[in-house]
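**Q** This is the structure alone, sequence omitted:
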DNA sequence: CACAATTACGAGGGTCGTAAAAATG
DNA sequence: CATTTTTACGACCCTCGTAATTGTG
C-alpha cells in the first residue's frame, strides 16, 4: 500500500507543476521525489504522468488521483486535529460560572481531586451557561440558584458574602455590618469582571462607580486609594486580607448568594470524585 | 505526519485486541508493532492506549482515532480502486452492439488504429444500448438503424447479409438465392447469442430451431450434422468458409441489415481516427 | 509459568543526496 | 545553455527481528 507521504508528494507536484519545484518545496532532493512518485505509480499499477524526456504532466488518471489524494490528505489532517482536540478536552475541566468567587473554591479542589487535569474558567450569563452545559461546552456550571432537571446533578458548592472594604479611617469603618442603602451615594472602586455582581449597580443608582478592567490595576488602586470597594469572604479566604483595610459584612440578601454546581448526566461519572465531596 | 501504514496497524490492534495478535496478523514482530504504534502516539502528541504492564486497551481518544483511521483507510483503498478502474476504462474501448457481426469488422480495425488498447464487447437490446451510450458505459454502439441526435455522431459501418448454410447434398444447395419462406418448416441449428437476429424466429414460426448456447459446440454441430444453419457474408469474410457447406444468400430485406456506429460527442475526439475512416 | 508489553541491540533494507547522463526549447 | 527528468551509486538512517526484561493473572 502506498503512504500518505506519497499522496502529499503527488499533490505537491500537481501544485508546483514540476518535480523540481515540488522537491524544493518539500525540502527533499529532486531525484528522491522523482523516484518516490515512480514508486507510487508502480504500487497503483497505473501511469499518472505523461512523460517526455524533460517534462512530466499529469494525465487524466493522474488528475483523478490528485483529486482523491487531496481529499485523503485533508481527512488525515482533520483526524490529527480532531483527535488532539478531543484529547485536550478529555484532560481539561471547563467551568462556567455566574461570578468569579466559586472559581476560588473549585479550582484548587479540582486540581487536588483530578491528577494532571487542567481547569478552564469562564464567566457568563445564566442562559449561556445553561446552554453550554447541555452542549458540553462546560463540564460544570455554577449558578446562584438550583436548576432542577432530570439529567442534571446539582449540589451546593459554597456561599459568598459581599463585604465593604474601606480604609480604617473611613467613617463606616466602625460598623459591624451595614446595608447597601447605607453606602449608596459614595464614590466606589469596582472591578469590571464580576459576573452577576454587576446587578449591584442597578440597586445602587446613586453611587459613582470607578470601574477597572484590569485586576492588577484594581488591586493597586484599592491599596493606595482611600475609596471604598467591595470584597468578599471568599476573596479574603483565598487571597488574604488587604493591609490597611477594614471589611464590613453587608446584610442585604442579594449580596449573600449561595452557589450551586450543576453537572450534566454524561459527565457525572467522570466528575464523581467531586460530587462525592458534596453529597 | 503519520502514515497510512500506522493507521492500518492501529486498526489491526483495535480488531485483534492485543498487540501480539495484531502483529501476527500483520506479519510483523510484536516489538515492531509496539514501537510503531508508540511512534504514532508520539506524532499525534496524544495517548491512544491505557497501558498496564502487560495489557494495553484503547482509551476514548484511541477509539476516536480508530474511527477516523478506518475511514481514512477506506478512502485510501477506494482511491486505489477507482484510479485503477479509471485507468483501465481509459485504455479500453467498450462496444455495444445489437448483433455480433459488427464486432468482426470493428475489433481488428480498433486494434490497428489504437495502439495498446483493449476492446470489450457486449450484445444488448437497442434501448439498453442507447442508454449505455449516454451513460458512457459504451463508447460505441452499433445499431441496424441511425439514431439522429445533436450529441451523437453516426456513420455507416458495414452491411451484413444472412445466408443459409447447408451441406452440398441438401435439396436447397443448388439455389442461387432463396427467401425465408422457402425454408420455413425445416429443422435448423441456431447459435443463441446473436442479438437482434433472434427476431428471425418470429417470422419463421414453423421452423424447429435447435439452439446452442456454446459457440464451440455450435461450430462442431454445423460441421458434423446435415442440418441447415445460418451464416453471413461477415462470418465468412472473417472466419472463412466452413468446409463441405454451401452458403446461399437470403433475399428478405430484414436479414440484410445495414449497421451504423453511434458515438457520443464526448468520445468523438478520442475516437476521431476511427470516425475519419468512415466519413 | 504462560502470556503480554517494553527495552536493548545489531543487521539489513530502503531512501536519501550527490553526481552524471540525456534531452529539450 | 539553462532547465528538467532519469539513472547510478554510495552513505546513512530507520525499521525490523531476536533476545532479554518486566510484570501479570
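**A** Thanks, I have it. This one's a predicted model, so the numbers in the text were calculated from it and none came from an experiment. Numbering: from 1, shown residues only, chains lettered A, B, ... in the order given.

**Q** Which pLDDT value goes with residue A:269?
**A** On pLDDT, residue A:269 comes in at 89.

**Q** next one: residue A:201
**A** We have a pLDDT of 91 for residue A:201.

**Q** Residue A:176 now?
**A** 93.

**Q** Next: residue A:226.
**A** 87.

**Q** residues in contact with it?
**A** A:167, A:169, A:170 (C-beta atoms under 8 Å, 6 or more residues apart in numbering or on different chains). To be clear about C-beta, it is placed using only N, CA and C from the backbone, and glycine gets the same treatment.

**Q** of these, closest to DNA strand C?
**A** The closest of the contacts of residue A:226 to DNA strand C turns out to be residue A:167 (C-beta to the nearest atom of the strand; 60.7 Å).

**Q** Helix, strand, or coil at the residue lying closest to that closest one once chain neighbours are set aside?
**A** Among residues not flanking residue A:167 along the chain, residue A:226 sits closest, at 5.1 Å (C-beta to C-beta, 6 or more residues apart in numbering or on different chains). Put simply, residue A:226 is coil when judged by DSSP: H, G, I helix; E, B strand; the rest coil.

**Q** what does the one 4 residues further on give?
**A** Applying three-state DSSP to residue A:230 yields a three-state assignment of strand.

**Q** contacting residues around it?
**A** Shown in contact with residue A:230 (C-beta under 8 Å, 6+ apart): A:162, A:163, A:164, A:165, A:188, A:190, A:197, A:200.

**Q** how many other residues sit next to the third one?
**A** As a burial measure, residue A:164 scores 26 neighbours (other C-beta atoms under 10 Å in any protein chain shown).

**Q** That one looks like it's in a strand, true?
**A** Yes - under three-state DSSP, residue A:164 sits within a strand.

**Q** which residues touch it?
**A** A:172, A:178, A:183, A:228, A:229, A:230, A:231, A:247, A:248, A:250.

**Q** can you redo those as JSON lines with distance to residue B:266?
**A** Putting these into JSON lines (distance: C-beta to C-beta, whole Å) gives the following:
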{"residue": "A:172", "distance to residue B:266": "90"}
{"residue": "A:178", "distance to residue B:266": "88"}
{"residue": "A:183", "distance to residue B:266": "85"}
{"residue": "A:228", "distance to residue B:266": "84"}
{"residue": "A:229", "distance to residue B:266": "79"}
{"residue": "A:230", "distance to residue B:266": "78"}
{"residue": "A:231", "distance to residue B:266": "79"}
{"residue": "A:247", "distance to residue B:266": "85"}
{"residue": "A:248", "distance to residue B:266": "88"}
{"residue": "A:250", "distance to residue B:266": "83"}
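
**Q** If any of the residues you listed are buried, put those into a PyMOL selection.
**A** In PyMOL syntax, the buried subset of these is picked out as below (16 or more other C-beta atoms under 10 Å in any protein chain shown):
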select buried, chain A and resi 178+183+228+229+230+231+247+248+250
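
**Q** Can you list the residue ranges for strands in chain A?
**A** A:49-52, A:55-58, A:92-97, A:118-123, A:140-143, A:152-159, A:162-166, A:187-191, A:208-212, A:229-232, A:246-249, A:258-264 (DSSP state E).

**Q** Of all these, which one comes closest to residue B:207?
**A** Closest approach to residue B:207 among those is made by strand A:49-52 (56.4 Å; C-beta to C-beta).

**Q** where does chain A dip in pLDDT?
**A** Nowhere does chain A drop to pLDDT under 70.

**Q** Point out the residues in it that sit beside DNA strand D.
**A** Counting by C-beta under 7 Å from any atom of the strand, the residues of chain A close to DNA strand D are A:18-21, A:30-31, A:34-35, A:38, A:49, A:51, A:53-56.

**Q** at 6 Å instead, please
**A** Within chain A, the residues that sit near DNA strand D (C-beta under 6 Å from any atom of the strand) are A:18, A:19, A:20, A:30, A:31, A:34, A:35, A:51, A:54, A:55, A:56.

**Q** ranking those residues by neighbours, who comes first?
**A** residue A:19 (21 neighbours).

**Q** re the thing from before, out of the strands of chain A, which is the most enclosed?
**A** strand A:140-143 (a mean of 26; mean count of other C-beta atoms under 10 Å in any protein chain shown).

**Q** And the helices in the stretch 51-200 of chain A?
**A** Assigned by DSSP state H, counting those that start in this stretch, the stretch 51-200 of chain A shows helices spanning A:60-90, A:101-113, A:126-134, A:180-183, A:200-203.

**Q** could you redo those as JSON lines and give each row distance to residue B:65?
**A** Formatted as JSON lines, the helices of the stretch 51-200 of chain A follow (distance: least, C-beta to C-beta, whole Å):
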{"stretch": "helix A:60-90", "distance to residue B:65": "5"}
{"stretch": "helix A:101-113", "distance to residue B:65": "27"}
{"stretch": "helix A:126-134", "distance to residue B:65": "26"}
{"stretch": "helix A:180-183", "distance to residue B:65": "55"}
{"stretch": "helix A:200-203", "distance to residue B:65": "49"}
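
**Q** The ones you listed into a markdown table, with extra columns for distance to DNA strand C?
**A** Formatted as a markdown table, those follow (distance: least, C-beta to the nearest atom of the strand, whole Å):
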| stretch | distance to DNA strand C |
| --- | --- |
| helix A:60-90 | 17 |
| helix A:101-113 | 27 |
| helix A:126-134 | 37 |
| helix A:180-183 | 61 |
| helix A:200-203 | 56 |
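
**Q** and chain B, which of these is closest to it?
**A** Chain B lies closest to helix A:60-90 among the helices of the stretch 51-200 of chain A, at 3.8 Å (C-beta to the nearest C-beta).

**Q** Closest to chain B out of the residues of chain A next to DNA strand D?
**A** For those, the nearest to chain B is residue A:51 (15.3 Å; C-beta to the nearest C-beta).

**Q** What's opposite the closest one in the beta bridge?
**A** Under DSSP bridges, the beta-bridge partners of residue A:51 are residue A:56.

**Q** Going by proximity to DNA strand D, name the top residue of the stretch 101-250 of chain A.
**A** For the stretch 101-250 of chain A, C-beta to the nearest atom of the strand, closest residue to DNA strand D: residue A:115, 18.4 Å.

**Q** Any residue of stretch A:27-41 touching DNA strand C?
**A** Yes - residues of stretch A:27-41 contacting DNA strand C under C-beta under 6 Å from any atom of the strand: A:28, A:29, A:31, A:32, A:35, A:36.

**Q** In helices only, show me those residues.
**A** A:31, A:32, A:35, A:36 (DSSP state H).

**Q** quick one: contacts for residue A:133?
**A** A:96, A:141, A:152, A:262, A:264.

**Q** before we move on, back to that, let me know the distance separating the residue nearest to residue A:167 from residue A:257.
**A** Separation of residue A:226 from residue A:257 (C-beta to C-beta, to the nearest Å) stands at 28 Å.

**Q** Tell me the spacing between the residue nearest in space to the middle of chain A and chain B.
**A** Taking C-alpha atoms, centre = their mean as the criterion, residue A:120 is the residue nearest the geometric centre of chain A, at 4.6 Å. Taking C-beta to the nearest C-beta, to the nearest Å as the measure, residue A:120 falls 18 Å from chain B.

**Q** Return the residues in contact with the residue nearest to that residue when sequence neighbours are not counted.
**A** Nearest residue to residue A:120 in three dimensions, chain neighbours excluded: residue A:94, at 4.8 Å (C-beta to C-beta, 6+ apart). Applying C-beta under 8 Å, 6+ apart, we find residue A:94 in contact with A:119, A:120, A:121, A:122, A:137, A:138, A:139, A:140.

**Q** Skipping adjacent residues, who's closest to the fifth one in space?
**A** Meaning residue A:137. Spatial nearest neighbour of residue A:137, chain neighbours left out: residue A:94 (6.7 Å); criterion: C-beta to C-beta, 6+ apart.
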